[in-house]
Each structure stands twice: as structure tokens, then as C-alpha cells.
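A.B. asks: Give me a model of this one.
(one chain, ligands or ions: 2)
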Amino acid sequence: MENISESMKRYMDQHQLNANYQKLMNTVYQDADVQAFLKQHADQLNAEQIDRSSAKLYEYVNERNKLAAGETTFAPGYEPKLVLSDHLVEVSYQPTDAQKDKLKQAALKRRVNAIMMPKLVKNATFDDFINDADRTQALQAAVAFIEAYSKDQKHFHQGLYLYGSFGVGKTYLLGAIANQLADMGIKTTLVHFPSFAVEMKNAIASNQVAGRLDDVKQAQILMIDDIGADAMSAWVRDDILGVILEYRMQNELPTFFSSNFSMKQLETEHLAETQKGDVEPLKAKRLMERIRFLSQEIEMIGENRRQK
Ligand code: ADP
Ligand code: MG
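C.D. replies: Residues are numbered from 1 along each chain as shown. Ligands and ions are numbered 1, 2, ... in the order given. Here you go, the predicted structure:
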């Protein structure tokens, strides 16, 4: 009795399937790229291994030709490449230059520029946002801003001035807004203001204040986190914060704040007095006028959510 493979062979011969297969594979083996690859790896592939790799070689030639002809390929945006894996040929798909550009652009667009912000900002989303009664007003204002700004970026939109005690989720909400905007292709810069002030002081020596300050003041959307947390020097107040606020008001750029102080408290208890103890209520008033122009004051109350 003849075995199965012999009867298969006879069947294929009768129907000329073998001949067609051979013809197909001949064009694959004669392909210049395939030949170059096999030559390059001649010492790592014997005839039997090449034969076992035939489906992969065929896939490579087929996909490469489709890509060249502008037809839809198995992995759009990716091009096939022959690679050797454990004495067999494999096809690896690598992004085309156009695809690399596209991925880079998308990453750039999505990026939230977080300057010395806590890690929680990266993962803050509205999906994970615990929304109890205490947070409803802030949340609604946040959503209203995102809706209004994403629909019309030409006109001025006031940001939010979120205030309330430690741990109620002000920074978290700013992060969630920034990440949502990033998903919509809108870039936000978040700055932890007390740390930024220290960085600016250190940048004096290396002459980098102006450059760093420009990046921040010109941000498409700026969020100034924890304003008022540390005593400010007159220089930080006037030449850093003052310059940022002036620029953003003149150019009507959306600006957010978070603080432990209400606007009133920030003015009288923080901005009016410098580190040295000088009291300058007029300067504080001018700064507050800008903050009031730029943002809407919203109190956040509730429990401290920080893990103790
Ligand atoms: P604040 O800036 O007001 O001091 P944070 O934003 O740092 O407070 O929040 C304190 C902690 O509570 C963080 O660990 C944050 O991840 C968590 N948190 C705050 N608000 C929420 C929220 N709405 N949903 C889920 N987690 C939150
Ligand atoms: Mg905070």
C-alpha cells in the first residue's frame, strides 16, 4: 500500500500544483534581495533550512512588492525585512520612514511638558477621577474649559485657579486636564512653581534664565502648581512670576493655578510680603489683577487623599 505522501505527490503532479509551486518559488529564489540575503548568510543556512524557510521568503517578496506597488500590505506603515533566527529565515516588519515621522509627530503632540511635577501627574485621568460632591464644581469647570478651548482656540479662555487644603486633589485635577488636552493634540506645560523658582535662581550663574523663562511663559497652556507654597524673593515675584503673568495676559494665553491660598489670601499673605519682610501691597495688587484676569477661582474641599 502506498503511503500518504506518495499519493499526495501523485495528486499534486496530476494537477500540476507542484509545477506551479516550483515556478513561484523560482521567482522568489531569483529575487535580488533574497539572493543577497542568502549569500550573506550562506555559512549559516544549508539547503534544507532554506527549503523550510520558503514560506517566509515568499511572504517577504510578496509584501515588499505590494508595498512598492502602493497596495495595502499586511502591516501598513511597516516594511518587511529578512532576518535570520536560529538557522531559519524570518520576516521582521519595521516602520517605514514615513511611519517613523508619523509616530514622532504623534508623540510630540501628546507630550505634556511637566517641569518638576510629582509623578502622579503622569497617570492622572478623568477616567480614574474620584468624583464626589466636593469635587463636582471643579470637575465641571475643568470639563467646560476643555470643551470650550478645544472648539475654539482663537479666543481667550480663562483657566482655573484651584485652591484648597493639602491633599484634596488640585494637582491631580491639573494633571487630568493636561492629559486630556494632550490626547486632543493640545500641549500643556505644568510647572511646580516653588521648584521652578529655585531652578531659575540656579540658572542665573549659567545665564539660562531668559531661555527657560521664555519656554514657560510662551507655553500654549500653562499650569502653575502650588503658587504660594514657599516664600518668594522679590526677584522671583517680579522678574519671574510677574514676567510670566504679564506675557500671558497680553497674549491672552490660558493659564491655570493651584494654591493652598484663596486669591485674597495669596495677595495679602503671600505676594505682598517678600522673603526679606518688605511689605509691598501695590505690587501684590498688580500681580493679583493679572491672576484674576487669567483664571476663575474655584475652591476644592474634601478629605486629604494622600496616603498617610
Ligand atoms: P493637592 O495638590 O491638592 O495637594 P494631590 O493632587 O497631590 O492634592 O492629591 C493627593 C493624592 O490624592 C494623590 O495621591 C492623588 O493621586 C490622589 N487624588 C487626588 N484627587 C483624586 C481624584 N479625584 N481621584 C483619584 N485620586 C485622587
Ligand atoms: Mg498639589
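
A.B. asks: Report how many residues lie close to residue 289.
C.D. replies: 13 (other CB atoms under 10 Å). C-betas here are computed from N, CA, C, even on glycine.

A.B. asks: whoops, residue 267 was the one
C.D. replies: Count around residue 267 with other CB under 10 Å applied: 20.

A.B. asks: okay, it: pLDDT?
C.D. replies: We have a pLDDT of 95 for residue 267.

A.B. asks: Can you tell me the closest non-neighbouring residue to it?
C.D. replies: Of all residues not flanking residue 267 in the chain, residue 288 sits nearest, at 4.4 Å (CB to CB, 6 or more residues apart in numbering).

A.B. asks: Show me what the host helix or strand of residue 146 is packed up against.
C.D. replies: Per DSSP states H and E: residue 146 is located in helix 136-151. Applying 3 or more CB pairs under 8 Å, 6 or more residues apart in numbering; DSSP states H and E, we find helix 136-151 packed against strand 159-163, helix 170-183, strand 295-299.

A.B. asks: show me what contacts the residue nearest to residue 267?
C.D. replies: Listed by CB atoms under 8 Å, 6 or more residues apart in numbering, the contact set of residue 288 reads 263, 266, 267, 271.

A.B. asks: Roughly how far does it sit from residue 193?
C.D. replies: 15 Å (CB to CB, to the nearest Å).

A.B. asks: Please determine how far the residue in the chain that ligand 1 sits nearest to is located from residue 69.
C.D. replies: Nearest to ligand 1 in the chain, going by CB to the nearest ligand atom, is residue 169, at a distance of 2.5 Å. For residue 169, the distance to residue 69 equals 55 Å [CB to CB].

A.B. asks: out of the two, which sits in the more crowded spot?
C.D. replies: residue 169 (26 against 8).

A.B. asks: and the more buried one, what pLDDT?
C.D. replies: 94.

A.B. asks: Ligand 1 contacts on the stretch 201-308 of the chain?
C.D. replies: 258, 305, 306 (CB under 6 Å from any ligand atom).

A.B. asks: now that we have those residues, which one has the most neighbours?
C.D. replies: The residue in those with the most neighbours, by other CB under 10 Å, is residue 258 (27 neighbours).

A.B. asks: Show the residue spans covered by the strands in this protein.
C.D. replies: Applying DSSP state E to the chain gives strands spanning 78-85, 88-95, 113-115, 159-163, 188-192, 221-225, 255-259, 295-299.

A.B. asks: Return the alpha-carbon coordinates of the fifth one using PDB.
C.D. replies: The C-alpha trace of strand 188-192 is given here as PDB (Å, rounded to 0.1, in the frame of the first residue of the first chain):
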ATOM      1  CA  THR A 188       0.300  71.900  28.100                       C
ATOM      2  CA  THR A 189       3.200  72.900  30.300                       C
ATOM      3  CA  LEU A 190       2.900  72.200  34.000                       C
ATOM      4  CA  VAL A 191       5.300  73.800  36.400                       C
ATOM      5  CA  HIS A 192       5.700  73.100  40.100                       C
END
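
A.B. asks: Identify all contacting residues around that strand.
C.D. replies: So strand 188-192 is contacted by 112-118, 121, 174-175, 177-178, 181-182, 215-216, 219-226 (CB under 8 Å, 6+ apart).

A.B. asks: let's see it at 10 Å
C.D. replies: 111-118, 121, 171, 174-175, 177-182, 197-199, 215-227, 229, 244, 254, 256, 258 (CB atoms under 10 Å, 6 or more residues apart in numbering).

A.B. asks: do the same with the shortest one
C.D. replies: Contacting residues not belonging to strand 113-115 are listed as 121-122, 175, 178, 182, 187-193, 195-196, 199, 212, 215-216, 219-223, 225 [CB under 10 Å, 6+ apart].

A.B. asks: cutoff 8 Å now
C.D. replies: 121-122, 178, 187-192, 195-196, 199, 216, 219.

A.B. asks: same deal with stretch 169-184?
C.D. replies: With CB under 8 Å, 6+ apart as the criterion, stretch 169-184 contacts 109-112, 114, 117-118, 120-126, 129-130, 135, 138-139, 142, 145-146, 149-150, 162-164, 187-188, 190, 221, 223, 225-226, 256, 258-259, 300, 302, 305.

A.B. asks: Pull up the gap between residue 20 and residue 89, please.
C.D. replies: Following CB to CB, the distance that separates residue 20 from residue 89 is 22 Å.

A.B. asks: Flag the shaky bits of the stretch 101-250 of the chain, pLDDT-wise.
C.D. replies: By pLDDT under 70, the low-scoring segments of the stretch 101-250 of the chain are 108-110.
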